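> return atomic coordinates for the entry below.
(one chain, ligands or ions: 2)
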Amino acid sequence: MNALVATNRNFKLAARLLGLDSKLEKSLLIPFREIKVECTIPKDDGTLASFVGFRIQHDNARGPMKGGIRYHPEVDPDEVNALAQLMTWKTAVANIPYGGAKGGIGCNPGDLSISELERLTRVFTQKIHDLIGIHADVPAPDMGTGPQTMAWILDEYSKFHGHSPAVVTGKPIDLGGSLGRDAATGRGVLFATEALLNEHGKNIAGQRFVIQGFGNVGSWAARLIGEKGGKIVAVSDISGAIKNSKGIDVPRFSGGDSIDSNSILIEDCDVLIPAALGGVINRENANDIKAKFIIEAANHPTDPEADEILSKKGVVILPDIYANSGGVTVSYFEWVQNIQGFMWDEEKVNNELKTYMTRGFKDVKEMCRTHNCDLRMGAFTLGVNRVARATVLRGWEA
Ligand SMILES: NC(=O)C1=CN([C@@H]2O[C@H](COP(=O)(O)OP(=O)(O)OC[C@H]3O[C@@H](n4cnc5c(N)ncnc54)[C@H](O)[C@@H]3O)[C@@H](O)[C@H]2O)C=CC1
Ligand SMILES: O=C(O)CCC(=O)C(=O)O
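Ligands and ions are numbered 1, 2, ... in the order given. Predicted coordinates:
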């Protein structure tokens, strides 16, 4: 199912549960602003290459819009739109003072040299610099981007607006990045997993985990879960997958037999953590999934059709807009530190993150009880209700 159709469907279900006014529902769904820019760069060999970049700013009722920038060949406006909307609900679930946005450039970063990536990032920033900003829209890394990408955006933006470290988060520490941001999404996944398992009378130790994706989020989640005694029995990335029922040597991504990476999601385990692409759990594979718990570290990994199948099988799904909110939460801490001109130590960052993730789980569960719904609808009703309240309070007077 198209990512936007799926995200809109979940939003509308939540709006019904909340009894939202239909006009308000419509206004919350339509993005605040959609930006599409053409980015042409000279390649290292002197030929020209053209790319299309997007920044979709979904909503700013609760504060500046916030969300990552993705470099991936499959980036398309519908997907970026869905991801921007998910950011709006996610920042509200985390109860941080932001709205939602997302960006992306349709490119394969693996095919571009470092200098080509730098030129592409700078051209993209030149085209959108007037529409982002510390109190308007604050980008961050996502798939295919990282601290170096944020450093180039910061530098290019600062040429127009003066030195502005708070215009991006997920920066290198030397440029005002926060300690703990690199690990934050994976650490948030750890805290979220602990909260869910504890509620079911279980601990991380002794559970068998399968993790799809071994980039920023997947590798940190694997490492931190491994340190807590969880057994990682299979992992994959774009290049392949390995499994070992006795446990994989996570830091080395070794110590297992190669398997078909398409079958990783249906491997035998207790907890499945998709940490790569969207839409990977769908009606084609949902019936074959053996995990009892799914922790959505990726954005939108589960299609609504799969949600229904898995729910009938009794699989418990911890939704993306709560489970992976550790990244944007520490991005918020980074932004706060930049604005204050003061740096927190890593212990403070991690302790604050735990407080936010623990509170977020309680808040989601409270909505599940109020609306007699599953965790996805608990998170959606929580996020949508907070944004709706802020929107109504601000009013529509022209
Ligand atoms: N970086 C962050 O702070 C946050 C990221 N996310 C989400 O987490 C997911 C992963 O993001 P990052 O780790 O930042 O990206 P990344 O670019 O660091 O890593 C992506 C990983 O996915 C793997 N991958 C790509 N296609 C694959 C395939 N077909 N099968 C298996 N693995 C595949 C890549 O090899 C790589 O290991 C995305 O859905 C992203 O939107 C969500 C919240 C915050
Ligand atoms: O850290 C951020 O601002 C955004 C992270 C992000 O893109 C996400 O949570 O999907």
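> what is the distance between the helix or strand where Leu196 lies and the centre of its chain?
Under the criterion of DSSP states H and E, Leu196 resides in helix 181-199. Shown here is helix 181-199, whose average C-alpha point lies 13 Å from the average C-alpha point of the whole chain (Cα atoms, centre = their mean, to the nearest Å).
> now the element after that helix, going C-ward?
strand 208-212.
> re the thing from before, now do the buried residues in the helix holding Leu196.
Along helix 181-199, these residues count as buried under the neighbour rule (16 or more other Cβ atoms under 10 Å): 181-197. From N, CA and C alone the C-beta is placed, and that goes for glycine too.
> for the protein, what's the longest strand?
strand 48-59 (DSSP state E).
> which elements pack onto that one?
On a contact count with 3 or more Cβ pairs under 8 Å, 6 or more residues apart in numbering; DSSP states H and E, strand 48-59 meets strand 33-42, strand 65-72, helix 77-93, strand 100-106, helix 114-128, strand 137-141.
> could you rerun that using 10 Å?
Other elements packing on strand 48-59 under the criterion 3 or more Cβ pairs under 10 Å, 6 or more residues apart in numbering; DSSP states H and E are helix 22-29, strand 33-42, strand 65-72, helix 77-93, strand 100-106, helix 114-128, strand 137-141, helix 375-394.
> how big is the angle separating it from helix 22-29?
150 degrees (axes from the mean of the first three to the mean of the last three Cα atoms, to 10 degrees).
> what strands line up against strand 48-59, and which way round?
Using DSSP bridges, strand 48-59 pairs in its sheet with strand 33-42 (antiparallel), strand 100-106 (antiparallel).
> and that strand with helix 375-394, angle?
Strand 48-59 and helix 375-394 meet at an angle of 70 degrees, taking the same axes, to 10 degrees as the criterion.
> give me the contact status of strand 48-59 with ligand 2.
No: in terms of Cβ under 6 Å from any ligand atom, no part of strand 48-59 sits within range of ligand 2; the closest distance is 12.1 Å.
> buried set for that strand?
With burial defined by 16+ other Cβ under 10 Å, the residues of strand 48-59 counted as buried are Ala49, Phe51, Gly53, Phe54, Arg55, Ile56, Gln57, His58, Asp59.
> check the offset of that strand from the chain's centre.
Put simply, strand 48-59 sits 18 Å off its chain's centre (Cα atoms, centre = their mean).
> packing partners for the helix or strand hosting Asn8?
Element membership of Asn8, judged by DSSP H and E, is helix 3-18. Counting by 3+ Cβ pairs under 10 Å, 6+ apart, the packing neighbours recorded for helix 3-18 are helix 22-29, helix 77-93, helix 304-313, helix 346-371, helix 375-394.
> so who does Asn10 touch?
Taking Cβ atoms under 10 Å, 6 or more residues apart in numbering as the definition of contact, the neighbours of Asn10 are 82, 85-86, 89, 300, 304, 307, 319, 321, 376-377, 379-380, 384.
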